[in-house]
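# Provided below for reference: sequence and predicted model.
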Amino acid sequence: MDYRTLMSTAWGSVRVCAAAAEHVGRPVLGPLYTAIGTRLHNQRRREDPTVITEALSEAGLPASLAAAATSTEFDQRIKDSHHEAF
């Protein structure tokens, strides 16, 4: 997988996490990050399009949040959060 594709995939997961946090609150981030990370890193399913919907289901979230992966709606909030952390 080339760098741009990898970053696009990474942004998708982060966008879904931002959407989930807005939908139900920040406490969902731990379970959702873990569910996504297990699939991407432990199971090495980086090119599997079902990773996000499976992770959402595991975290008790609606599959409709997966649409955030390809939306730029949360990008500025993600960037602001990143800058705030530093």
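Here it is on my side, so go on.
# What ranges in the chain fall below the confidence cut-off?
Across the chain, the stretches falling below the confidence threshold (pLDDT under 70) are 1, 5-9.
# So what's the gap between the longest helix seen in the chain and the chain middle?
When every helix of the chain is counted residue by residue (DSSP state H), the longest turns out to be helix 3-24. The gap between where helix 3-24 is centred and where its chain is centred comes out at 4 Å by CA atoms, centre = their mean, to the nearest Å.
# Quick check: buried residues in it?
For helix 3-24, burial by neighbour count (16 or more other CB atoms under 10 Å) applies to 9, 11-21, 24. In short, each C-beta sits where N, CA and C put it, glycine included.
# Now tabulate the residues you listed in a markdown table and tack on distance to residue 61.
Compiled in a markdown table, the buried residues of helix 3-24 are given as follows (distance: CB to CB, whole Å):
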| residue | distance to residue 61 |
| --- | --- |
| 9 | 19 |
| 11 | 19 |
| 12 | 15 |
| 13 | 13 |
| 14 | 15 |
| 15 | 14 |
| 16 | 9 |
| 17 | 10 |
| 18 | 13 |
| 19 | 9 |
| 20 | 5 |
| 21 | 10 |
| 24 | 7 |
